Structures are given as structure tokens and as C-alpha cells.
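> have a look; sequence and predicted model below, questions after that.
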Amino acid sequence: GFEDTDRNAVPTDTMLWPGGVIPYVTDPGLNATVFPWALQKAFDAYAMST
């Protein structure tokens, strides 16, 4: 068996992002290689599954 604490992605609440929001910055170079609508579609898909 596994310990219950070994099964947690984050074992304590102190390790969670404040307010449940993970900060990020997109690389300005993405605009040259990825269509803005495609990036937004990816963000939307992620938001729907989290």
C-alpha cells in the first residue's frame, strides 16, 4: 500500500496558489507563431476541464 499523503498532488493547503489563481505570462513571440484565437481556444479548453 501507499500512504494517503503519497496520493495527494499537494499535501498541504499552504502549497496552493493564493486564491486558486496560477499567475502566468505569455511570451510575446507566441503572437508570431500561434494564432491568438488558437491560444484563447487552448485557454478555454483548459478552463473547462479544471
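Thanks, I have the structure now.
> all helices in this protein, in order from the N-terminus.
Taking DSSP state H to define them, one finds helices in the chain at 30-33, 36-48.
> show me what the shortest one packs onto, helices and strands only.
Contact here means 3 or more Cβ pairs under 8 Å, 6 or more residues apart in numbering; DSSP states H and E; on that basis helix 30-33 packs against no helix or strand. Just so you know, the C-beta spots here come from the backbone N, C-alpha and C atoms, and that holds for glycine as well.
> what's in contact with it?
Leu39 (Cβ atoms under 8 Å, 6 or more residues apart in numbering).
> chain center to that helix: distance?
20 Å (Cα atoms, centre = their mean, to the nearest Å).
> average model confidence for it?
Mean pLDDT, helix 30-33: 82.
> in it, which residues are buried?
Using 16 or more other Cβ atoms under 10 Å as the test for burial, helix 30-33 gives no buried residues.
> export it to PDB, keeping only CA atoms.
The C-alpha trace of helix 30-33 is given here as PDB (Å, rounded to 0.1, in the frame of the first residue of the first chain):
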ATOM      1  CA  LEU A  30       3.700  33.500 -29.400                       C
ATOM      2  CA  ASN A  31       1.900  36.100 -31.500                       C
ATOM      3  CA  ALA A  32       4.300  35.300 -34.300                       C
ATOM      4  CA  THR A  33       4.000  31.500 -34.100                       C
END
